[in-house]
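1. When you get a sec, could you give me coordinates for this:
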Amino acid sequence: MCLVNSLVSLGSPSLPQIFITPSAVTEGNSLTLTCSSQSQSIPESYQLDVQYNWSRAGEPIDPNDPPLRHTVTGENRGTLWINVTEREDNGVEYQCMAQEETSNLANYNIVTMEIKCKYKCEIVKMV
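-> Prediction:
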């Protein structure tokens, strides 16, 4: 009988990168956020799939019941589609959290939306 011992070290996934398509968004248009991260577990042959979770303004987005205008798709939920952006989306933070499939270790990144006005924007001064 031969016993083989192996040491597996689980690590947090790499810092996720968030890609915005198109890179410049005008209100009324749609956009796609795509999250990408790599397993850091070793040995390399043990690398795990990375799953993604999204949140908007600190509120988790349920991929099975997303808020209006949002759709979570793609391999391991790595894509968030936002249909019909609104002026109020400007400055809103979206977070992508990457987590290895059998680990509680995670890493995340945040992107802040920059939505251009379709027409002339009003500047509201606080008095």
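
2. The most centrally placed residue in the chain in helix, strand or coil?
-> Residue closest to the average C-alpha location in the chain (Cα atoms, centre = their mean): residue 96, at 2.7 Å. Three-state assignment for residue 96 (DSSP: H, G, I helix; E, B strand; the rest coil): strand.

3. Find me whatever residue is spatially closest to it, sequence neighbours aside.
-> Leaving aside its chain neighbours, residue 96 sits nearest to residue 35 (3.7 Å; criterion: Cβ to Cβ, 6 or more residues apart in numbering). C-beta: built from backbone N, CA, C; applies to glycine.

4. Can you check my assumption that that neighbour lies in a strand?
-> Yes - under three-state DSSP, residue 35 falls within a strand.

5. roughly how far apart are it and residue 93?
-> Applying Cβ to Cβ, to the nearest Å, the value for residue 35 to residue 93 is 14 Å.

6. List phi and psi for residue 87.
-> phi -60, psi -30 (degrees, to the nearest 10).

7. burial count for it?
-> Residue 87 has 14 neighbouring residues, counting by other Cβ atoms under 10 Å.

8. Residue 24 now?
-> 10.
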